[in-house]
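Participant: Fold the following.
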Amino acid sequence: MSLLTLLLGILNTLAPFTGVNLPGAATAEMELPDREMRVEPLCEHELTAREEERMLAAMVHRCELVGLRGVRVQRDGRDFMLRVEGGLMRTMEDYTDTLDELETVFNERTCLQLLPVHPRSEHLVNDRRVQDALIEYETAMVKYEEGKAPGGMKPELPGLPPGFSTAGCMLVEYPVISAEDGSSRYEYLVVQRPETLAEEDLLVTEMEVERAAVDVTRPGCVEVELTMRGGDILNRLTRGMEHGAARLAIMLNGKLVSAPVVHAALGCSFVITGLSPHECRSVVDGLAKPLPVPVKVHERQRVGN
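Facilitator: Have a look, this model is predicted:
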């Protein structure tokens, strides 16, 4: 027996009596108790078969993301029963805190929409009627930001004037930062409305995201992988666009973050660029296989001894 082995044996023997705290590597892994929770969908309609399938997979996925293991979910009437066998936490406190935060984790969501930009967007934005409406809007925004807006109400982006040959389209804005002095200004695009695309089964949303991850090789970039269904929708959407000229607006939580030119028909993967490090992390967390409807977590109880 080596001297080191002998010393370690003596320390382990004396530790309970002397109050010695041995290194974590020398202590046994903590056995965390199983927990069972009832998860209630907060929606008035009955879940469709596709929503139920998504719910089951999404709850398991999000539990695993926060370090829970042995996760099983099954339908129980209208609700779902979620069972967790343990976690990858060092203490019972961490385990309990993680379970307490599950409702927040389940309900976190980044709203994603991919909307084609109108081929005559620049011409439409420069129309005199649109420009007059935008000047009024920007003037009202200045008053709002200075706290001088009547009633303190934030102004809404104006709609397109009646009579435009742009049925099913809307205005969106995005900030442009000057590379010279860091000043910002807003520019505007005309894009297709999401409800119009949904009617044609051409709308890609966060519900079609299979995986999202920060691209560590490219700052401000998030890689997005869609489900097979989402990839098929995106392919059909971009296949009919004018490659090398047409643009696709990437909307996150109702805000335009980028509008890249489409150079070829897209499939199950694409990237979102131009985000800050904090935005990257927030977007990835919200796109991590979101649940189809909000939920409420009830009745957490210990399982077994």
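Participant: got any ranges where the protein has weak pLDDT?
Facilitator: 1-30, 179, 303-305 (pLDDT under 70).
Participant: How is it divided into domains?
Facilitator: 27-108+291-303, 112-119+191-287 (automatic domain parsing).
Participant: Which parts of the stretch 151-300 of the chain are helices?
Facilitator: Along the stretch 151-300 of the chain, counting by DSSP state H, counting those that start in this stretch, helices occupy 194-199, 228-239, 277-287.
Participant: and these as CSV, adding mean neighbour count?
Facilitator: (Each C-beta comes from the backbone N, C-alpha and C, glycine too.) Shown next, in CSV, are these (neighbours: other C-beta atoms under 10 Å):
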stretch, mean neighbour count
helix 194-199, 15
helix 228-239, 18
helix 277-287, 17
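Participant: so which of the ones you listed gets nearest residue 300?
Facilitator: Evaluated over the helices of the stretch 151-300 of the chain, closeness to residue 300 peaks at helix 277-287, with 22.5 Å, by C-beta to C-beta.
Participant: Now tell me what touches the closest one from outside.
Facilitator: 108-110, 112, 206, 209, 212-214, 219-222, 224, 252, 272, 275 (C-beta atoms under 8 Å, 6 or more residues apart in numbering).
Participant: Residue 240 and residue 83: what is the separation?
Facilitator: 46 Å (C-beta to C-beta, to the nearest Å).
Participant: out of those two, which sits in the more crowded spot?
Facilitator: residue 83 (14 against 10; other C-beta atoms under 10 Å).
Participant: So what touches the host helix or strand of that one?
Facilitator: For residue 83, the host element (DSSP states H and E) is strand 79-84. Outside of strand 79-84, the residues within contact range by C-beta under 8 Å, 6+ apart are 34-41, 55-56, 59, 63, 68-75, 99, 297, 303.
Participant: What ranges does the chain have for its strands?
Facilitator: 34-41, 68-69, 72-76, 79-84, 86-87, 112-116, 169-177, 184-192, 209-214, 222-226, 248-252, 255-258, 269-272, 295-303 (DSSP state E).
Participant: For the strand holding residue 83, buried residues please.
Facilitator: Within strand 79-84, the residues scored as buried using 16 or more other C-beta atoms under 10 Å are 79-80, 82, 84.
Participant: now do stretch 90-104
Facilitator: 95, 98-99, 102-103.
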